[in-house]
Structures are given as C-alpha cells and as structure tokens.
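Trainee: Prediction below, plus the sequence it came from.
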Amino acid sequence: MVRVKKLLDDPAQAVTDSLRGFAQAHADEVTLHEDPTFVVRASGTPPGQVAVISGGGSGHEPLHAGFVGAGMLDAAVPGAVFTSPTADQVAAAIVAADGGAGVLAVVKNYTGDVLNFETGIELAQAEGVEVSSVVVNDDVAVEDSLYTAGRRGVAGTLAVEKIAGAAAARGDDLATVTALAERVVSRVRSMGVALSACTVPHVGRPSFDLADDEVEVGIGIHGEPGRHRVQASGALDITRRLVEPVVEDLDLAAGEKVLLFVNGMGGTPSSELYVVYARARDLLVERGVEVTRSLVGSYVTSLEMQGASVTVLRLDEELTALWDAPVRTTALRW
Amino acid sequence: MVRVKKLLDDPAQAVTDSLRGFAQAHADEVTLHEDPTFVVRASGTPPGQVAVISGGGSGHEPLHAGFVGAGMLDAAVPGAVFTSPTADQVAAAIVAADGGAGVLAVVKNYTGDVLNFETGIELAQAEGVEVSSVVVNDDVAVEDSLYTAGRRGVAGTLAVEKIAGAAAARGDDLATVTALAERVVSRVRSMGVALSACTVPHVGRPSFDLADDEVEVGIGIHGEPGRHRVQASGALDITRRLVEPVVEDLDLAAGEKVLLFVNGMGGTPSSELYVVYARARDLLVERGVEVTRSLVGSYVTSLEMQGASVTVLRLDEELTALWDAPVRTTALRW
Amino acid sequence: MGRSGPDDGATLVSVLDVDWAERWMHTAAADVAAARDDLTELDRLIGDGDHGVNLDRGLRAVAERLGDPAIAPRETVGQVLRLAATTLMSTVGGAAGPLYGTALLRASKVTDRAVLDASGVVALLDAALEGIVARGKAASGEKTMVDAWQPAAEAAERVAGTTDDVGDTWRAAADAAEAGARATIPWVATKGRASYLGERSAGTEDPGARSTAIVLAAAVRALQGPGA
Amino acid sequence: MGRSGPDDGATLVSVLDVDWAERWMHTAAADVAAARDDLTELDRLIGDGDHGVNLDRGLRAVAERLGDPAIAPRETVGQVLRLAATTLMSTVGGAAGPLYGTALLRASKVTDRAVLDASGVVALLDAALEGIVARGKAASGEKTMVDAWQPAAEAAERVAGTTDDVGDTWRAAADAAEAGARATIPWVATKGRASYLGERSAGTEDPGARSTAIVLAAAVRALQGPGA
Ligand SMILES: Nc1ncnc2c1ncn2[C@@H]1O[C@H](COP(=O)(O)OP(=O)(O)O)[C@@H](O)[C@H]1O
Ligand SMILES: Nc1ncnc2c1ncn2[C@@H]1O[C@H](COP(=O)(O)OP(=O)(O)O)[C@@H](O)[C@H]1O
Ligand SMILES: [Mg+2]
Ligand SMILES: [Mg+2]
Ligand SMILES: [Mg+2]
Ligand SMILES: [Mg+2]
C-alpha cells in the first residue's frame, strides 16, 4: 500500500475525520452521531412529518450527508469509502430520524446497499418504526435484467431525495412520499464518463488505468471501470455519448419537459460542467425536448475522479413543483 | 500544443462556451452580455443601490460569475483563462451594473487586473459613473513590499465580495461600502497548497511538475508554482503549514473571533476539505482563537488543481452580521 | 485432497470444539490480513477495490472481540460463530458484510454444540451456503462467493462418513472452495459489482470467492492447535 | 549591429512610412504566432502560462483589423499604431495588454507623420518606454519587458544621427532589445507574476522581454518591403 497524496491523515480514520469537520462546520444544520455513524438534522425531523433517509458508501460527497436539512433528507448513513454502511447503522439512523410518521429509505441499487438496508429496515421495524424503501437504479450504462444485479443507482438519487424530501416537508404521508419517490425512480436516467480514475485512500492506486487519450464511458460512481473506452474527443462528442442512451432509455418525445442535471465526478471544474450542460441542452432541444429545470455541479461524486454524468428526469407538474420547493441543506439550497 | 483531456471543445472558445451554459442553466438569476463579455444579475442592480462588481481571469469558477446575485455581486467580468479581462470589458460592466448610486470594483492584486481595472474605471468615470475600487491582497505566501508587485489576491476575495455586497444590499452608500471592503481586506489572509498542478486548455501541459511525493506550498490560484516544495505528508502537517503563516501575519490573539474558510482548488473532493477544516479549526482553537463562522468548499479555484487554501478573516460584530446577511447567488446562498 | 491421506503430517485426530472455532476465526483474521492487498487488487480490477479492506476490518474486530471473554459466552461452537456473525454484520458493510454475516449466523444456529462431528461440518456449510443464497440470490456460476461455498458444502457432504477424522471433511471442503474460486477466473459475472463490467469481468478471480477459499482454509489450519 | 555595416545585404535605404508601419504589425503578428508556444512556455515556467496566447490573440486581431481599410484612416504612422494600441487593449488582457497597448498609444501620439526620420524612431521608442513605466511602475532590472524596451530606446538614441539609414537606428534598437531580454535570464523578478516565485524566478528569460525583442525585430524585418 502506497501512501497517497491526499489531504488526509490515517486512511482508516478519513471518513470519521471528514464527518467531524463537516459536523463542526455546519453545527447549526447537522448533528453527527458516532457508534454507529450517521448524520441527522440538527433540529431533528419535525414531529408528525415523514422522515426521508438515505446512505451508502462514502466518497460521493456531498451525497448523502450534504443533503441533510429542511426539504430533503432527515438522516444520512455513511459507510466506509465506496462501502455501504452496515445494517446496524441503518437501523439506528431510521430510529433516530423517525418523527412519528414513518421513514422512507432511499437506497441505491448495489448488492451491499440493498442487503444492509434490508436488514437495517427489519431491525428498525422490529423497534416499531414504520419504514418503506425505494431502490434507485438510474444508470443506463448497465443492462437491466432479471438475471443480473440490475442497474446501479447514481446521480439520479439526488432527484429522488429532493422530491421525496419536498413531499415529506409539505406533509404527505408515508405512502404518498414513497409513491412519489417511485415515480421519480421510474422517470430518471443517467450516464457517466470518466476522464481519469480515482484513488481510494487505503488502496493507494488508481481504480483503473486510462491512457492519456482515452476516456471511460459508462462508469459508475465507485471508481469502477466503465463498459468501454473511446478516444478522448471534445465535449460535444462525449456529451452525445451520455445524452443519447439516456434519451433512448427514457423514450423521450418532442414536447416533453425535463430536468437536465449535469453532475461532476469530483475533480472536474465547474467551467467544464457548464460546457457539457450547454452541449446536452442543445442535443435535447434538437429533439424537441424542453429543458425546464437545470442543475449543474459536483453533487454525486467519485472522490477526485475527473468526469461527468448527465441525468435527465421527465417532469410533470407535481414533480416540478416539488423540485422547486425550498430546500436548505449544506450542499443544495434554494 | 497537445490536445488535453478536458470536457471542452475549441480551447479558444472554452470560456465563452462555458459562460453560455452557465447563463442558460441560471437564466432566472444571471444574464450574459457578449462583446464585450460580462455577467449581470438577471433583475439588474436595484435602483439606488450601490453596485459591487468584480472580475479577473477565468479558471477560478465559481469566482466571480457564480457570486452574481442578490447580496453579493451585481456584475462579474471574466477574462480568458488566467488572464485579466480587458479595460473595455471592465468599463462596460461598470456602466451596466450602475444602479445610480455608484459602483465598487473589487480587484485582485495582479498587475494585469490592476492595470485593466484602472483603465476600465477611468473609462466608466468618463461616462459619468461614480466608481471606487479596492485591491484584495490576502495571500501571505508572497512577501509584501513597496518594491514588489505585492501580495496576490486569492480566496479572501470571496469574503470581500460577500461583505461588500451585503453592505450594498442593506443600503449603505458607496463610501461606506468601500470602507467596509477595505476593512475586510485589512483583516483577511490566506495561504494555499497544491497536490497537483492544473493544465491551461491552450497550453496543454501541467503548469508545473511535481513528483509523486511532493506538494507545493504557497501556490496562488493561477497554476503558478509556489514558494517551496515539501514532502507530501498528512493533512495535519500540511494544514499547519497553511494556518501558521496566516495566524502570524494576522497576529491573532487568544479570544479573537474569526471566519475560517477552507477553499478547494478545484480537483479536491469536499471530504478532504472537511479534514483540513477540522485540522485548521483545532490549530486555531489551540491558540485560543474562536471560530465563529465557517465556509468549506471549492469557491476560488485553479481549474482542476488538487489542493486547498486556508483563509482566516478577523471578525467583528458588523462584519459578522454582514457575513450572515442573506445571499442568493448561483454558488453561494443562505 | 492429497492432504487427507494416511501419510498426512497431522497425526492427531481433529477435534472441532470451541477452542478450534476460536482458532478458526483468529487464523482467518490473520490470513485475510495477509491477503488483504491481493483481495483488494482483485476487487479493484473488477469491483470497487474494497473487499480486502472490508473483510480485514471485520475479522480484525472479530479477533478483538473474541479476545474479551466478557463479551459473550463461548460454550458452544455456535456461540463463537454468532459473535463473529454479528461483529461482521456491524463492521464490514458492503456486500460481503451481510453475506458473510448471514452465512455465519445461519451456521451458528446449527452448531449449538460443544463439539462438532462430520455431520456437524456438513450442516455448518450447508447452512452458511443457504444463508448466502437467501440474501444474495445468486446461483452457482454467477461468479460470486457462492462458487466457493457451494462446492465446499458439496465436498463436505461427499466426504463426511467416509473417514474417521472430521478434519478430512474440512480439508475436502477447503480444497473444493479453492478449486471453485479458481474456476471463477474465466467467467463473466452476472451478480455483484463485477457484473457491471460485463465481458470485461472475465479473466479475474472473484474476490469474494477468493476470500471464501482463504476463510475455509483457515478452518483447516486451525485444526492442529494454536501452533499449527 | 553587424547587420548595419556597409556590406549589409539591404541595399535600399529604409523608409519608415505608413506601409512600413502596417508591415511591422503584420510581421510582428506572424513572428509572435510562430513564437507563441515558446513564449507560453517561458510564462508557464515563471508565470501563469498565457503570455504567448495572449499576445498572439491580440496581434492576430490587429492584423485582421488592419486588413479592413474601412476601420480607421491610415494616413500617418501614428494612426496605424493607434489602431494597433486600441485593439491590443481590448483583446489581450492580462498585464501585457495594457502595457503593450499603452506603449503603442503613447508612441502613436509622437508619430503623427506620414514618414519617420531617425529622431522619429527615438521619439517612438521613448514614448513607448515611458508609457510602460507609467503603467507598470517597474524600473530596469526588475525582470520585465522594461528590460528590453529601455536598452532599445537608449540604443536608438545613441545611433540616431550617426548614420543616413533610419533602418540602422531600428537595427540598433532591436539588437539592444534582444540583448536586454537575454540579460534577464539570471535575474530574480521583483515585478509581475514571476516575482511571486522569488529566487525560483532566476534562470528563465522574462516572457514579456522576449516578446518585446520579437516585436522590435519585426520592425526591422518589415523594413525591406513585404517580401523581406
Ligand atoms: N448477490 C451476491 N451473492 C453472493 N455473493 C455476492 C453477491 N454480490 C456480491 N457478492 C460477493 O461479494 C464480493 C464483493 O464484496 P465487497 O467488495 O466487500 O462488497 P461490495 O461489492 O459492496 O464492494 C464479490 O466478490 C462476490 O463474491
Ligand atoms: N509592472 C510591470 N511592468 C512592466 N512589465 C510588466 C510588469 N508586470 C508584468 N510585466 C510584463 O508582462 C509579462 C507577462 O505578461 P502576460 O503573461 O501576458 O500577463 P500576466 O502576467 O497578467 O499573465 C511579463 O513577462 C513582464 O514582461
Ligand atoms: Mg464496496
Ligand atoms: Mg495571465
Ligand atoms: Mg468491493
Ligand atoms: Mg502570464
């Protein structure tokens, strides 16, 4: 194991160190619980309101802890880097977040996350908390099939969390919040590209090797290699490779309204994300699709990976209103 | 010139492409003017309110255009990558931003910025606009002397823009806004470190060469090499090298209250920034300094450079209140 | 299976008691720690590069908790396995945490005895395999740890009753797990993270199958006492 | 200065008219374009790596605008330089934009004639240098473009009146600028971006001094007509 050049001390403590800094910097907004580790709103879930929680491996910041706050998540459960949290963390976060109206758990579709959330939910239910869950699987890079692990959950998770959180904040009950989250899951698709790999602190070497003139198309958010490599080309060509599979999978028709979310993988300057946004928007407009809502930024990341993903959410009036609803978290606010 | 792996098309058009995407994604909040290039608030400066503007080379996003909005900047003037804008851009932005109560220009201390703003301000004054300016020079890595170009303006610029913008928003006149900006300049200090260099699109190779086990201490925000290189070590050691010169230059005493701002250089994951924040906070607390306000994020960047800077602002009651005042820009909002 | 012949260096007849169960876990912890970077490298190639670190973290915690006699009673093999299972579940995370945790938890339920005989070994492995399949829903051939656990359970079943030494049953299981893990190399994964790579997952051994081979071999290494 | 001797290949006596001034700018644009990556490399080493691109962008625009006769009158050398100055000011940015812009703007004010004599060259260079110093406040020896402009102006002053060919005055100026630029190599910068490097700025030529040498050499190259 090589010592990697990162602003960290002991790699085994990096997640905890970082969460402590996060909680100190935002003490008005979040509270860190340790043993087991989870983050909750400093003011707690408003009594009688459905709580929305999520979690997963660390290394995707600000997802999920950065989305804890009014109008989005009531708790986040961070695991080790790229490793889903354990079931007892999940259970403790559910119990802590419950405001008496039940808890929706937003789970990204990875074997580890699904298994640990399943167990954690059972444990919390055994303590009398009403819990439902949705599994986000927006990554069109992965073939979906009954016989595989299915598609991964990637940047579309942000939309599920935002909209479920807004529904909870306006007072919807657990069944309604869950149904809205499912609605987002069924309408959101993403596709990503990496220009460089990332290095997991305790691994000490890049998660894959890429030549100077190659990009990796169809990457997930765990530094895993993608489906294929292509010669690096300009933003337009690369963006096309992201937008087309998304549009096709969603079967978007002219006249439809969408949210266009261009997400940075962690090491990409926002200036480049805005170029991708401009290209993606043009490609959608060419097909007659109307971009009525936009988000651009590094929100669902893969450590310091360079690259971006394009997420498209098919909007309707209710989803648009919930997207627009106020949100006050450390990473997303309007 | 090598073709670099970036999400860009023609490097000569990259700034324009990116600004167009930015303006499209945030059409409710900003308007892009081209020929000459500048960005203003979509709703304009409120009549009778002092306008605060800033600008400089591109590549530092979200600085400055990301800070255009209520409670911060009324206009931003982006130059080419790492190249200050031209005087006619500055003049046009000043004239466009003037709401009738005069304009404060926040200038980072670089020869190019100072010269172009000087001329631009003269041109705008010739058109009858009342203009004042402040020059930000918070980088303690550079020796300050009457016989040199003086210290650079780096991440502390954000604090000047935020506080001047808040003063303008509460209705202060030009002299008062300018004096408050000067007050921030006199109380804010920064120091940065790079773990990797950045690559200017049209240059096509890294701005400096760094061995795998070296970090560059005392870097600015233009990919320029720093003052010295040291062996890469952990976050605590590196943070100490940033905090100590800042604290010494400010001559901070026990009991003083400060804003602690940990800034990412563009390619550093926020998880690492929070580790630096935790370390910096501990180092300040050890000296009896009270961290009463905090900001952590990649706000004043150097393309995709990996690294961070620590900025400390000595607070007083008025500056704290102005820091806390509402701000609604694309990159900073509360 | 050569190791189970009459010329075998192991002259003691194996005893699968509580001490053995504790030694198994300590040996597994040591062996996984030694293989940590190799496991991580396999997972880096076709997964997300954390399997070695995950399992090492968990087994380290198991070894530590076993070292504190106050934590739980150790009167049966099952009690040792239960302690290991709950520790893994609360420290590993990822896919491997619940899978190994469930395997050992199910195994603990069928081993609530002070000493196991050969049929006890078969029951242990069957229960473990069932737990993994119940959780992960992978069939054999999908390039997961199932491809090491399943041949191990089958081999134990075959060998149990054909020899007087319960150790032979374990040796057969461990050898089968080893062969099963190796067999995954050319396969294309259809479960777990490696499945995202499609065809590109071929050519690398499944990390979870490899760690299973290590953990089951540790049960054999634990047979002949602390010094073995 | 060898180039100004009696055996010099240039047999025509130089004429510094409006055509020359236009040729100067076109030649400078071509030469800076050719040297763009070298200038950028110097600036990458001790600055921010944009000087070549900045000046190339500006001189390209100058050449383009000179190509459109409708843009401004070209009856005097000064009018050509004024057009170049304002174009540089609005396209270059950075430190070099206002410095070169001011230099040419001041030079344009003392060259409002159809043809320059040797004293006109001296006046042009003096005015340019004064403009740069007024803006940038650098003294000689601070490792900036001043260290090329100042010896150029001084050399012109020395040579003017000692020869019949105004070209000799320019040649002296260009040679002095070249020597001045080279002299900056070992120096430590105290103005401009390179000053942030302190001692580490020694060993690299100042990019602005180098570009000055190129631009003043272009004035000489422009002497003998478009084909020179
Ligand atoms: N559905 C499944 N059934 C059985 N084993 C699985 C399944 N999914 C993954 N695994 C096993 O888990 C291993 C990966 O574990 P680990 O790397 O710790 O977790 P993660 O994949 O969450 O990073 C794989 O190599 C595989 O053996
Ligand atoms: N104060 C100054 N006086 C004279 N020349 C200067 C001064 N500051 C910088 N320069 C010149 O400008 C050159 C750099 O120009 P350029 O790279 O285009 O601008 P920037 O430094 O803004 O990136 C330096 O090499 C130096 O010759
Ligand atoms: Mg994992
Ligand atoms: Mg520059
Ligand atoms: Mg893994
Ligand atoms: Mg430069």
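Mentor: The structure has been received and is ready for your questions. Ligands and ions are numbered 1, 2, ... in the order given.

Trainee: next helix or strand past the longest helix anywhere in chain C?
Mentor: Longest helix in chain C, counting residues (DSSP state H): helix C:18-46. Sequence-wise, the next helix or strand downstream of helix C:18-46 (DSSP states H and E) is helix C:51-66.

Trainee: and that following helix, which residues are buried?
Mentor: C:51-63, C:65-66 (16 or more other C-beta atoms under 10 Å in any protein chain shown). Quick note: C-beta positions are derived from backbone N, CA and C, even for glycine.

Trainee: so which of those residues comes closest to chain B?
Mentor: Closest approach between those and chain B, by C-beta to the nearest C-beta: residue C:53, at 16.6 Å.

Trainee: Nearest spatial neighbour of the closest one, chain-adjacent residues omitted?
Mentor: residue A:202 (5.0 Å; C-beta to C-beta, 6 or more residues apart in numbering or on different chains).

Trainee: quick one: the strands in chain A?
Mentor: Using DSSP state E, the strands found in chain A span residues A:30-33, A:38-41, A:51-58, A:69-70, A:75-81, A:103-108, A:131-136, A:188-194, A:214-217, A:228-231, A:257-264, A:290-297, A:307-314, A:328-329.

Trainee: Would you mind pulling the contact partners of the first one?
Mentor: What that stands for is strand A:30-33. A:19-20, A:22-23, A:38-42, A:65, A:68-69, A:92-93, A:96, A:330 (C-beta atoms under 8 Å, 6 or more residues apart in numbering or on different chains).

Trainee: Which two among these are spaced furthest apart?
Mentor: Spanning the widest gap among the contacts of strand A:30-33 are A:92 and A:330, at 21.4 Å by C-beta to C-beta.

Trainee: Look up how far ligand 5 lies from the residue of chain C most remote from its centre.
Mentor: Farthest-out residue of chain C from its mean C-alpha position, per C-alpha atoms, centre = their mean: residue C:199, at 27.4 Å. In this view, residue C:199 and ligand 5 are 20 Å apart by C-beta to the ion, to the nearest Å.

Trainee: same thing with residue A:231?
Mentor: 29 Å.

Trainee: Please apply the same query to residue C:191.
Mentor: Distance of residue C:191 to ligand 5, given as C-beta to the ion: 13 Å.

Trainee: Test my guess that that residue contacts residue C:136.
Mentor: Yes: using C-beta atoms under 8 Å, residue C:191 is in contact with residue C:136, at 6.7 Å.

Trainee: wait, what's in contact with residue 118?
Mentor: The chain I'm using is chain A. Per C-beta under 8 Å, 6+ apart, neighbours of residue A:118: A:87, C:98.

Trainee: wrong chain, I was asking about chain C
Mentor: The contact partners of residue C:118, by C-beta under 8 Å, 6+ apart, come to C:156, C:159, C:160, C:161, C:163, C:166, C:169.

Trainee: could you dump these to a markdown table with pLDDT, neighbour count and secondary structure?
Mentor: Below are the contacts of residue C:118 laid out as a markdown table (pLDDT from 0 to 100; neighbours: other C-beta atoms under 10 Å in any protein chain shown; DSSP: H, G, I helix; E, B strand; the rest coil):
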| residue | pLDDT | neighbour count | secondary structure |
| --- | --- | --- | --- |
| C:156 | 98 | 27 | helix |
| C:159 | 96 | 23 | helix |
| C:160 | 95 | 22 | coil |
| C:161 | 88 | 12 | coil |
| C:163 | 90 | 14 | coil |
| C:166 | 93 | 24 | helix |
| C:169 | 96 | 30 | helix |
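
Trainee: Max pairwise distance over those residues: which two?
Mentor: Taking C-beta to C-beta, the two most distant members of those are C:156 and C:163; they sit 11.5 Å apart.

Trainee: anything in contact with each of the two?
Mentor: C:118, C:169.

Trainee: how about the residues of chain C near ligand 3?
Mentor: C:48, C:50, C:94 (C-beta under 5 Å from the ion).

Trainee: separation between the residue of chain C found nearest ligand 4 and residue A:200?
Mentor: Proximity of chain C to ligand 4 (C-beta to the ion) peaks at residue C:49, 39.6 Å away. For residue C:49, the distance to residue A:200 equals 5 Å [C-beta to C-beta, to the nearest Å].

Trainee: residues shared between the contacts of these two?
Mentor: Joint contacts of residue C:49 and residue A:200 (C-beta under 8 Å, 6+ apart) are A:82, A:207, A:223.

Trainee: ranking the residues you listed by neighbours, who comes first?
Mentor: residue A:82 (33 neighbours; other C-beta atoms under 10 Å in any protein chain shown).

Trainee: show me the contacts for that residue.
Mentor: A:57, A:58, A:59, A:200, A:222, A:223, C:48, C:49, C:50.

Trainee: Now do it against residue C:43, distance only.
Mentor: As for residue A:82, its distance to residue C:43 is 10 Å (criterion: C-beta to C-beta).

Trainee: Spit out the residues that contact these two alike.
Mentor: With C-beta under 8 Å, 6+ apart as the test, residue A:82 and residue C:43 both reach C:49, C:50.

Trainee: what's the spacing between the one helix or strand residue C:178 maps to and its chain's center?
Mentor: Secondary structure assignment for residue C:178, by DSSP H and E: helix C:166-183. With C-alpha atoms, centre = their mean, to the nearest Å as the basis, helix C:166-183 stands 10 Å off its chain's centre.

Trainee: Next: stretch A:33-49.
Mentor: Worked out by C-alpha atoms, centre = their mean, stretch A:33-49 lies 19 Å from the chain centre.

Trainee: same question, stretch A:255-274
Mentor: Taking the mean of its C-alpha atoms, stretch A:255-274 sits 14 Å from the chain's own mean (C-alpha atoms, centre = their mean).

Trainee: Give me the mean pLDDT for it.
Mentor: For stretch A:255-274, the mean per-residue pLDDT is 97.

Trainee: ok, that stretch near chain B or not?
Mentor: Yes: applying C-beta under 8 Å from any C-beta of the partner chain, one finds stretch A:255-274 touching chain B at A:266, A:267, A:268, A:269, A:270, A:271, A:272, A:273, A:274.

Trainee: Number of residues surrounding the last one?
Mentor: The reference is to residue A:274. Residue A:274, neighbours per other C-beta under 10 Å, totals 26.

Trainee: Now do the contacts for it.
Mentor: A:262, A:296, B:17, B:18, B:19, B:20, B:21, B:22, B:25 are the contacts of residue A:274 under C-beta under 8 Å, 6+ apart.

Trainee: And the furthest pair within the residues you listed?
Mentor: Longest span within the contacts of residue A:274, C-beta to C-beta: A:262 and B:19, 15.0 Å.

Trainee: For the two, indicate the residue with more neighbours.
Mentor: When residue A:262 and residue B:19 are compared for neighbours, residue A:262 comes out ahead with 32 against 26, by other C-beta under 10 Å.

Trainee: thought the more buried one was touching residue A:273?
Mentor: Yes: contact status for residue A:262 versus residue A:273: in contact at 5.1 Å, counting by C-beta under 8 Å.

Trainee: Overlap of the contact sets of these two?
Mentor: Common contact partners of residue A:262 and residue A:273 (C-beta under 8 Å, 6+ apart): A:296, A:308.

Trainee: Could you check how far the residue farthest from the centre of chain C is from ligand 3?
Mentor: If you go by C-beta to the ion, the gap between residue C:199 and ligand 3 works out to 22 Å.

Trainee: mind checking pLDDT for the residue lying closest to that residue once chain neighbours are set aside?
Mentor: Closest residue to residue C:199 in three dimensions, ignoring its sequence neighbours and counting by C-beta to C-beta, 6+ apart: residue C:188, at 5.8 Å. Reading off the confidence values, residue C:188 has pLDDT 95.
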